[in-house]
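Undergrad: Structure for the following, please:
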Amino acid sequence: MRNRIFWGIVLIILGLLFLFGYQMGLPVWSLIWPFMIIVIGCWILLIPVLSKGMEIVQEEFSLPLEGAQQATIKIEHGAGTINLRSADLPDQLITGNFVGGVKSSVSSSQGKYRIKLQSKVEFVNFLPRFQKEKRLLWNLSINRTVPLKIKMETGASDNHLDFKDAQLEELHLETGASSTEIILPENCALTRVNVESGASAIKIHVPEKVAARIKVSGLIGKTINMDRFPQNGDCYQSLDYEKAKNRAEINVESGVGSVEID
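TA: Predicted structure coming up:
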């Protein structure tokens, strides 16, 4: 509540300052973006009024397995929570429960599936439109036997991604002011992880029997298990990386935030 009011007031004041500044002779079209800042500030302050009595949609989504040999999944989510895990799903490729609703699209060719799951909240997904207990909450389970490539785009969210039993080949995460915990697979020959984040806290757990090569860049604080992953030039790498049965390539690019890898 206090954060919402604070940032709403800050945006309004900034917008007014820019607006008065442009009155010193700059072109009229230059007033548009200061005006938009004011509008966004007002929107944040009016969220409790505008959302009062708003019905919170909750939807289910399941996709039959039907001989799937590979799945590429794109997830577009706003402010809220994502709980994603690999699971024993004998008849399903993916199943989930979505507070806030979901728009889904699915295509397949020769056993290769492309799935897109997108929030139904249309107006600037990163704004905290719901009350805390009604934020976008997505609980997803993905078949642990199907090779996966996953791309996620999230806003101010809490992401809990458990791929311990999955066949995760690629994970690409783009996230804003968020908190993310990732558990990598135990038995996948090679997993590539790319994280691009803003003011975020990232935790990545590498299973004991998995070797890793790690590269971290940006204005961040980093905590890396040096016993497992000693520094090797501009990266951190397991001593047995080249010969390991199961490996992970991890690349993190972040702004202001923290990264912890163990």
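Undergrad: Roughly how far does the spatially most central residue of the chain sit from Glu186?
TA: Residue closest to the average C-alpha location in the chain (C-alpha atoms, centre = their mean): Thr154, at 3.8 Å. Distance of Thr154 to Glu186, given as C-beta to C-beta, to the nearest Å: 25 Å. The C-beta positions use only the backbone N, C-alpha and C, and glycine is treated the same way.
Undergrad: got a list of what the closest residue to Asp240 other than its chain neighbours touches?
TA: Distances taken as C-beta to C-beta, 6 or more residues apart in numbering put Ala211 closest to Asp240, at 5.5 Å, once the chain neighbours are dropped. Shown in contact with Ala211 (C-beta atoms under 8 Å, 6 or more residues apart in numbering): Gln237, Ser238, Asp240, Tyr241, Ala244, Asn246, Arg247, Ala248.
Undergrad: how much space between Ala211 and Asn232?
TA: Distance from Ala211 to Asn232, by C-beta to C-beta: 12 Å.
Undergrad: do the same with Gln58
TA: 48 Å.
Undergrad: Show me where the stretch 1-150 of the chain has its strands.
TA: For the stretch 1-150 of the chain, applying DSSP state E, counting those that start in this stretch gives strands covering 58-64, 70-76, 80-87, 92-99, 102-109, 112-119, 136-143, 147-154.
Undergrad: Show me what the fourth one packs onto, helices and strands only.
TA: For strand 92-99, the helices and strands in contact under the criterion 3 or more C-beta pairs under 8 Å, 6 or more residues apart in numbering; DSSP states H and E are strand 58-64, strand 70-76, strand 112-119, strand 136-143.
Undergrad: before we move on, the earlier item: could the strands of the stretch 1-150 of the chain go into TSV alongside distance to Ser178?
TA: Listed next are the strands of the stretch 1-150 of the chain as TSV, based on distance: least, C-beta to C-beta, whole Å:
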stretch	distance to Ser178
strand 58-64	22
strand 70-76	13
strand 80-87	10
strand 92-99	17
strand 102-109	19
strand 112-119	15
strand 136-143	12
strand 147-154	6
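Undergrad: Of those, which is nearest Ser258?
TA: strand 147-154 (17.0 Å; C-beta to C-beta).
Undergrad: And that closest one, what's buried?
TA: Buried residues in strand 147-154, counted by 16 or more other C-beta atoms under 10 Å: Pro147, Leu148, Lys149, Ile150, Lys151, Met152, Glu153, Thr154.
Undergrad: Pick the one among those closest to Ala87.
TA: Using C-beta to C-beta, those come closest to Ala87 at Leu148, 12.5 Å.
Undergrad: Quick check: closest non-adjacent residue to that closest one.
TA: Leu168 is the one closest to Leu148 (C-beta to C-beta, 6+ apart), at 5.0 Å.
Undergrad: What pLDDT does the model give that neighbour?
TA: pLDDT for Leu168: 98.
Undergrad: next one: Thr154
TA: 89.
Undergrad: what kind of secondary structure is Glu242 in?
TA: helix (DSSP: H, G, I helix; E, B strand; the rest coil).
Undergrad: gap between it and Pro230?
TA: The value you get for Glu242 to Pro230, if C-beta to C-beta is used, is 14 Å.
Undergrad: before we move on, the earlier item: out of the helices and strands packed on strand 92-99, nearest to Ser105?
TA: Here strand 112-119 is closest among the helices and strands packed on strand 92-99 (C-beta to C-beta), at 4.6 Å.
Undergrad: quick check: angle from that closest one to strand 92-99?
TA: 0 degrees (axes from the mean of the first three to the mean of the last three C-alpha atoms, to 10 degrees).
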